Each structure stands twice: as structure tokens, then as C-alpha cells.
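> The following comprises the amino acid sequence and a computationally predicted model.
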Amino acid sequence: MFPWNEIDTVLLDMDGTLLDLHFDNHFWLSLVPAELSRQRGLNSQAAQALVESSYDKVFGTLDWYCLDYWESELGLDIIGLHKTLVDRIQLRQDSMPFLSALGAQKKSRILVTNAHPKSLALKLEHTELAAGLDHMLSSHETGYPKEHPHFWQHLFLQFQLDPRRCLFIDDNENILQAAKDAGVGYQLGITNPDSQKPNKVFSDFPAIGDYHLLLDDLLAD
């Protein structure tokens, strides 16, 4: 699928790409509205409407991914609530074999995530993900989300990357496009970010649902 001899670095999203997105979807779409309903005495429809309108206001911005912002905006102990669901933080079953194969082929493996550092730390604590990575960068360290070109400029400079020799993997087609626009040479979508939801369809980028499909070509490089 890819000319691995032309790829030095693989840039990897976290949630939905290396970890099962079910944790985040359940947290933000179910637990947060339920907690607002409980604390404010709202019915479930009113709580859901409040959450959705709050999300829509900052969608695609750094605040949308910022746990501190949501603690202030919603008046909830977001980190405390995260900790009640740690049993749902799960690696995709195909992530570590893929990361191990990349390491064996001397490809640099860099996590590039919009996840807030507190969320990132919690997920690293409860998975073995860190063992399969060489570097990590949260967009909160750059001041820009991955949707913004300045994020990519910061990434390339920090790690001295030639973007033309990078592959970026993400479950969000808009962010794949942002990476392409920034000069990243290769992009790959993930069709099954949430194990509990139907597969996604990508219109503009190649996409797979299992990293094992890449291993033969990668290990033959």
C-alpha cells in the first residue's frame, strides 16, 4: 500500500487510531450528559442539548480538546470522571504488533494527538502504548490543534522531519487533509476507530480497519 523505503517516520494519532475510541465516545456522549443531568436536575434531553451546544461552540479548536476548558465550562470534575472509566481505556488489538513492526524496521514512531496532556497521561498509565513509541506531541504543547497548519510546522521543526518522508495515520478525514496540506507525504485513515460503532467510509484517503494488512509489505521492506 505504501513505498516503505520512502518513509522514515510514522505519525500516529491516539484516540481511535491506536486506542479504541469507545472510551472517549462513551465519556463525552454518555457520561458527561448523565452527570450534568444528575447535578443540575435536568432531564436527559435538556442535558444532551446543553452538551451538544457547548461542544459545537468550540469544535475543531484547541478548547474542544482541553479538559481544563471543559471543567470550567461545564462545572464538572472532568479528570475525576475520567478516572471512573479507566477500565474502558483499551489499545486496539492490532496496535502493538504494528508499532513493534515499525520499530523493527527502524521507522521513527511519533504520537501526534489533540488529547490534553492530562488525558494522555491517564491513557499511558493504563496501557502499554508508550512502549511502542519513540516520541509524543500533544497539540496543547504547540498552542494549535492538528487542524491548524501551525501545529504541523511546529512538529516538523521540533523533530527535524522531512514531511515528504512521513506517513500520518488518523481516524479523522479532516485532519488527514490538514496533514496533506502541510506537506506530509502519505496519509492513511482508520475505518473502525470505535469498536462499538459501524465502520466509517473515507472518500479522499486510503483507509484500513486492521494494521495486520500492512505488516507483510512493511516487514518485506
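On my side now, so go ahead. Numbering: from 1, shown residues only.
> ok, and residue 217, which helix or strand is that part of?
helix 212-220 (DSSP states H and E).
> who does that helix touch, helix- and strand-wise?
helix 95-104 (3 or more C-beta pairs under 8 Å, 6 or more residues apart in numbering; DSSP states H and E). No exception for glycine: its C-beta is placed from N, CA and C like everyone else's.
> could you give the angle of the helix it packs on to helix 212-220?
20 degrees (axes from the mean of the first three to the mean of the last three C-alpha atoms, to 10 degrees).
> Residues in contact with helix 95-104: which ones?
10, 12, 18-19, 109, 128-129, 131-134, 211-212, 214-215, 218-219 (C-beta atoms under 8 Å, 6 or more residues apart in numbering).
> Now, of those, which are buried?
10, 12, 18, 19, 109, 129, 132, 133, 211, 214, 215, 218 (16 or more other C-beta atoms under 10 Å).
> would CSV of the residues you listed with distance to residue 169 be doable?
Below are the buried ones among the contacts of helix 95-104 laid out as CSV (distance: C-beta to C-beta, whole Å):
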residue, distance to residue 169
10, 7
12, 5
18, 9
19, 13
109, 10
129, 14
132, 13
133, 13
211, 9
214, 10
215, 14
218, 13
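> Pull the most distant pair out of those.
19 and 218 (20.8 Å; C-beta to C-beta).
> what's the first-to-last distance across stretch 191-204?
13 Å (C-alpha to C-alpha, to the nearest Å).
> right, I mislabeled it, should have said stretch 104-114
27 Å.
> neighbours around residue 33, how many?
21 (other C-beta atoms under 10 Å).
> is it true that residue 148 touches residue 178?
Yes - assessed by C-beta atoms under 8 Å, residue 148 is found in contact with residue 178 at 7.3 Å.
> Please say which of those two ends up with more neighbours.
Using other C-beta under 10 Å, the more surrounded residue of residue 148 and residue 178 is residue 178, with 21 against 18.
> and the helix or strand hosting the more buried one, which residues are buried?
Using DSSP H and E, residue 178 sits within helix 173-182. Of all the residues in helix 173-182, those buried under the rule 16+ other C-beta under 10 Å are 173, 175, 176, 178, 179, 180, 182.
> Let's have those in a markdown table, adding pLDDT and distance to residue 2.
Shown next, in a markdown table, are the buried residues of helix 173-182 (pLDDT from 0 to 100; distance: C-beta to C-beta, whole Å):
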| residue | pLDDT | distance to residue 2 |
| --- | --- | --- |
| 173 | 97 | 18 |
| 175 | 98 | 18 |
| 176 | 98 | 14 |
| 178 | 98 | 19 |
| 179 | 98 | 14 |
| 180 | 98 | 14 |
| 182 | 98 | 18 |
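> about what we covered before: give me the contact list for the following helix or strand past the helix holding residue 178.
Next along the chain after helix 173-182, taking DSSP H and E as the criterion, comes strand 186-190. By C-beta under 8 Å, 6+ apart, the residues outside strand 186-190 that reach it are 1-2, 7, 13, 16-17, 166-171, 173, 176, 179-180, 200, 202, 205-209.
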